[in-house]
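# Here is a sequence together with a model predicted from it:
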Amino acid sequence: MALWGTALIPISESSSLACSSGNLSTRLVTPVPLRFSGKFSNIKKRWCRGVYCSSSIKAASFMESQENGPRALPVCSEEELDHVIRFKISDFKISDRISFGLGGRADEEVFEATVKDSNSPLYNKRVVLRRLTSAQAQRRGKRALEVLKKLVRRKLMYHSYSMQVHGYIYLPSSSGCDSFTLVHGYHGSFSLRHWLQQSDWLPTLEATLALDEESARRVGDETTGGPAVSRQLRLIRILMRDLLIGVNYLHSHGLAHTELRLENVHISPVDRHIKVGILGNAADFYEDGSSSSSMDNMDRRQMMIAFDMRCVGFMMAKMVLRELMDPVIFTKFKSFLTKGYDPSCLREYLLEILNRNSSSGNVGLQMLDRNWGAGWNLLSLLLATKPSKGISCLDALRHPFLCGPRWRVVPSMGIIRWGLGSTAVRISEEYIYGQPQRSRLAHFIELMEMLNPHAKPKNWLELLPGRWRLLYCTGMHIGLTLRQPAVRVLIGDVHLTVTRVSKMNTNFSFISDIGFSVMIGQDWPHDKAGKSGSLQAKSVFALTAGRRLYLKEEKSTGKFSKGTSSTEVSLAQKLSGKKWRKVIPFKEFPSSLPAAKLVSGDIDVTMSLDDPLNQNVDTARNVIHEVRTQIPPEMFDLSKLVCGTYVDSRLLILRGVNGSALLFTRSFVDESSFS
């Protein structure tokens, strides 16, 4: 079996190119796995400036040159490496399998071998020889040994969550091209990337990990089977928790991995743990070697932890959303983050770029949407651009997405706000006909307004600008009706674009864009193409501090006073229960809530229609009437927007003069930079 999921290609000794002092014949070698028909001891290899040279020599002289050379190491002294074993090449029986170019590196060659020294504690065990040919690769290998010395006092944790390094082979050379080889454990398994690329990866990986009741208990899930979504979610919980425990082990010892990728993570079927790879690029939190709490050291530590957690976020995204294994889609995914957009808005963006009819069947989206959208919350925290807004390994292990239903997790206020908003978005995405769904959505909007994290207008100056897509309006609902309009209009996306006019004041430009299509003829039930059109309303708003008032009756019953709205009555009753009593920061139903008051200026409304509709004034008038019938009046007449009651990086709630609430989500549909 090939190492790390790579295929082996047979090649004979005669195909090797000779390197002589008189006549040098060379060629570039692509980093693909090779199988040698000859024995490893009969071949001497060097890698110099990307050119692979090999020459046949006698086995006896080759072994003698390896074993009788100088013992001094150029970088690390023998005392520094006394915690590992220094092997000789004669201690191993080399297999005829070789793989180089692992993870895109052509300066590493990987061999399978068996220890044949009867005096060695590893006698008759299979190991991996990782031959490091370039100076940079050798520095990585020696760094891995240095890291091992720091972690060796807790060998059990190290061996459980990292590749076990047994020792090294150092072969000096008079030509200056010294050879340094790491001897590490053999796990006989693919990297995590190769696992995910298998067509039957789910049942095969489940069988490899031997998932049983004990494994189910580790993730707090009482089921061991079920639909594909439940199976994959259970498996991803196990993989993510194992990965986070291993990374936290490094962080607790003052080290950052700095190279967490799917290619560098392996799964061992022996102990069923994730191995975070060779720690050749592990970096210390503190450059001066001290653990003092100086400002520079704390900033460096925070940045390095955030970098590792961001890498874990990329790995989680690829594990859950299999479409991101496609390099084209993953490039768009990364471009979204490199542009500086908030990761909490990923769902709105990914819904547009992911193929809805993919072979994965949107299993990843279903997993992230479960449990009030907890998966999207964890992903946004892992991918946070600012270290201060990120999440640590321990907090991630306590996150609801990685904890099953049998675990009691006390959610934070941020998780509660996130869950309310995610559920409201999910309900609005379904075409709602029944009164219970509409009442539930209005109830969630009221709760979000009470838990508004940005009540002061100064917070709105940064969060309000952007492009917002209208999801729902509590004031009106257009469903299946028996109306027979003069012109049949199909409404598309309705967007609200907010731009700050000047940084010197609090004025904002609001532009309402309504896209629609006018269906002509009697065949409209089967042909929805029609003629496209758009309606646009513009206005300038001044942002000031304000309050949203709750009108109360003189008489009151129960703990809260009943308002004139049935929604407020229902909300007051629900807030009296035990479920929300500890969450809502009000002992009594408030008479008012802080809001951002919107003072509108003049309004400019324009409409455009394709030919031939734009030639008929009566048709244009009928189109405007039908559009105004189907959309909330606040989107046509912006002066009816009176205040904003909730805003964060992904959701916005505006209230109209009649009390109706408009729910928006931040949109990236028309971002040309992602095309």
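Here it is on my side, so go on.
# looking at it, Arg500 is touching Trp460, isn't it?
No. Using CB atoms under 8 Å, Arg500 makes no contact with Trp460, being 10.2 Å away. C-beta: built from backbone N, CA, C; applies to glycine.
# Of those two, which one has the most company?
Each of Arg500 and Trp460 has its neighbours counted (other CB atoms under 10 Å); Trp460 has more, 21 against 15.
# dump the residue contacts of the more buried one.
His454, Leu543, Ala596, Gly644, Val647 (CB atoms under 8 Å, 6 or more residues apart in numbering).
# Looking at these, which one is closest to Phe336?
Phe336 has its nearest neighbour among these in Val647, at 20.8 Å by CB to CB.
# could you list every residue that touches that closest one?
Asn452, His454, Asn459, Trp460, Leu463, Leu464, Ala596, Ile653.
# and if you look at Gly434?
Contacts of Gly434 by CB under 8 Å, 6+ apart: none found.
# Report whether the expected contact of Ile353 with Thr331 is present.
No. In this structure, Ile353 is not within contact of Thr331 by CB under 8 Å, at 10.5 Å.
# the more surrounded of the two?
Ile353 (16 against 12).
# Can you give me the separation between the residue nearest to the more buried one when sequence neighbours are not counted and Phe668?
Nearest non-adjacent residue to Ile353, counting by CB to CB, 6 or more residues apart in numbering: Lys332, 5.4 Å away. In this view, Lys332 and Phe668 are 11 Å apart by CB to CB, to the nearest Å.
# The two: which has the busier surroundings?
Each of Lys332 and Phe668 has its neighbours counted (other CB under 10 Å); Phe668 has more, 21 against 17.
# Let me see the contact set for that one.
Phe336, Tyr341, Cys345, Glu348, Tyr349, Glu352, Arg467, Phe674.
# Looks like the first one contacts Ser344 (just checking).
No. Contact between Phe336 and Ser344 fails when scored by CB under 8 Å: they sit 11.7 Å apart.
# before we move on, the earlier item: tell me the secondary structure at the residue nearest to Ile353.
Secondary structure, DSSP: H, G, I helix; E, B strand; the rest coil: Lys332 is helix.
# all helices of the stretch 201-350 of the chain, in order?
In the stretch 201-350 of the chain, the segments counted as helices under DSSP state H, counting those that start in this stretch are 201-209, 213-218, 228-251, 295-320, 327-338, 346-353.
# Including distance to Ala384 and mean pLDDT, could these go into JSON lines?
Listed next are the helices of the stretch 201-350 of the chain as JSON lines, based on distance: least, CB to CB, whole Å; pLDDT from 0 to 100:
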{"stretch": "helix 201-209", "distance to Ala384": "29", "mean pLDDT": "76"}
{"stretch": "helix 213-218", "distance to Ala384": "27", "mean pLDDT": "56"}
{"stretch": "helix 228-251", "distance to Ala384": "16", "mean pLDDT": "88"}
{"stretch": "helix 295-320", "distance to Ala384": "7", "mean pLDDT": "88"}
{"stretch": "helix 327-338", "distance to Ala384": "10", "mean pLDDT": "90"}
{"stretch": "helix 346-353", "distance to Ala384": "12", "mean pLDDT": "87"}
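# ok, and which of those helices has the densest surroundings?
Greatest average neighbour count among those goes to helix 228-251 (a mean of 21), per mean count of other CB atoms under 10 Å.
# starting at the chain centroid, how far to that one?
In this view, helix 228-251 has its centroid 13 Å away from the chain centroid, taken as CA atoms, centre = their mean, to the nearest Å.
# quick revisit: which one of the contacts of Val647 sits closest to Leu383?
Nearest member of those to Leu383, counting by CB to CB, is Leu463, at 18.8 Å.
# what number of residues lie near that closest one?
By the criterion of other CB under 10 Å, Leu463 has 19 neighbours.
# which ones are touching it?
His454, Val647, Asp648, Ser649.
# Identify the bridge partners of Phe508.
Arg500, Phe541 (DSSP bridges).
# Hmm, Lys538 and it touching each other?
No. Counting by CB under 8 Å, Phe508 sits too far from Lys538 to count as a contact (11.5 Å).
# Neighbour count for these two, which is higher?
Phe508 (20 against 17).
# sorry, back to before: got a winner among the contacts of Leu463 for most neighbours?
Val647 (23 neighbours).
# Which residue, other than its chain neighbours, is closest to it?
Using CB to CB, 6+ apart, the closest residue to Val647 is Leu463 (4.8 Å).
# Tell me where the stretch 51-200 of the chain has strands.
Taking DSSP state E, counting those that start in this stretch as the test, the strands found in the stretch 51-200 of the chain are 51-56, 85-86, 92-100, 108-115, 126-132, 165-171, 179-185.
# mind giving me TSV with those and columns for mean neighbour count and mean pLDDT?
Compiled in TSV, those are given as follows (neighbours: other CB atoms under 10 Å; pLDDT from 0 to 100):
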stretch	mean neighbour count	mean pLDDT
strand 51-56	16	32
strand 85-86	16	85
strand 92-100	20	71
strand 108-115	21	84
strand 126-132	23	86
strand 165-171	21	84
strand 179-185	23	84
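# mind putting those strands in a markdown table, distance to Leu549 included?
Formatted as a markdown table, these follow (distance: least, CB to CB, whole Å):
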| stretch | distance to Leu549 |
| --- | --- |
| strand 51-56 | 79 |
| strand 85-86 | 77 |
| strand 92-100 | 71 |
| strand 108-115 | 69 |
| strand 126-132 | 70 |
| strand 165-171 | 68 |
| strand 179-185 | 68 |
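# just to revisit the earlier point, could you identify the most distant pair in the contacts of Trp460?
Using CB to CB, the two most remote members of these are His454 and Leu543, lying 12.4 Å apart.
# In terms of helices and strands, where is the closest residue to Asn614 other than its chain neighbours?
Among residues not flanking Asn614 along the chain, Ala620 sits closest, at 6.9 Å (CB to CB, 6+ apart). According to DSSP states H and E, Ala620 maps onto helix 617-630.
# Could you check how far that helix is from the centre of its chain?
Distance, centroid of helix 617-630 to centroid of chain: 44 Å (CA atoms, centre = their mean).
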